[in-house]
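Peer 1: This is the structure alone, sequence omitted:
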């Protein structure tokens, strides 16, 4: 079965420092992977996705993610964190049995301190 | 485009009452998804539609929940009768054929007393 795991419930980082939010996947075949962000009292917003091609995917708000097939990971990164990046981040994978559906991880809360 | 629109944004009701949540997808999108988010269970897909037809309702918790999509611009999620354990934030999302990106509405926070 397809799944994603976000091993950290919360990540704390100081403003200006690089940040990484981890995601690992379990998928048969080539995965379609996504990152979404949820700000307080808002719906999820699409950040970026990996379908094929370059392993480094660039997305909104300066975020990027690196697809690593050997480690089955798709970590979200940003070189310099902002306080406004504080939010809940979800990794997701497209369900290969039912490609209309996305399977979301449990979410990681990112807290950026001034 | 105004994005996905959901109403109401907040709903407080008493146990046993009927609750109806509403969603207007982005114009031109042919997929519509209903999710529920709780602290305990995270984000769960309840049901989704393609071209107004329900495709997969395996996530609907029980018969108290029902969803309809009478046309391409409107969907409802109904809970009857409501119970305290239904308290959650309910999201609607839409997407278009051939893309994988789902666009979420702001959600409806439901509290059942």
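Peer 2: Structure received. Given the structure is predicted, the values throughout are model-derived calculations rather than measurements.

Peer 1: gap between the residue of chain A found nearest chain B and residue A:28?
Peer 2: Going by C-beta to the nearest C-beta, chain B is nearest to residue A:43 of chain A, at 3.3 Å. C-beta here means a position set from N, CA and C on the backbone, and glycine is covered the same way. Look at residue A:43 and residue A:28: by C-beta to C-beta, to the nearest Å, they are 30 Å apart.

Peer 1: quick one: which of these two has more around it?
Peer 2: residue A:43 (22 against 9; other C-beta atoms under 10 Å in any protein chain shown).

Peer 1: Let me know the pLDDT of the closest residue to that one other than its chain neighbours.
Peer 2: In space, and not counting its chain neighbours, residue A:43 is closest to residue B:104: 3.3 Å by C-beta to C-beta, 6 or more residues apart in numbering or on different chains. On pLDDT, residue B:104 comes in at 95.

Peer 1: again with the one 4 residues further on
Peer 2: What the model reports as pLDDT for residue B:108 is 97.

Peer 1: who touches residue 31 in this structure?
Peer 2: No chain in the question, so chain A it is. Contacts for residue A:31 (C-beta atoms under 8 Å, 6 or more residues apart in numbering or on different chains) come out as A:2, A:25, A:50, A:74, A:93, A:94.

Peer 1: Actually, chain B is the one I wanted.
Peer 2: By C-beta under 8 Å, 6+ apart, the residues touching residue B:31 are A:100, B:48, B:49, B:50, B:94, B:95, B:96, B:97, B:102.

Peer 1: switch the cut-off to 10 Å
Peer 2: By C-beta atoms under 10 Å, 6 or more residues apart in numbering or on different chains, the contact list for residue B:31 reads A:100-101, B:25, B:48-51, B:55, B:93-97, B:99, B:102.
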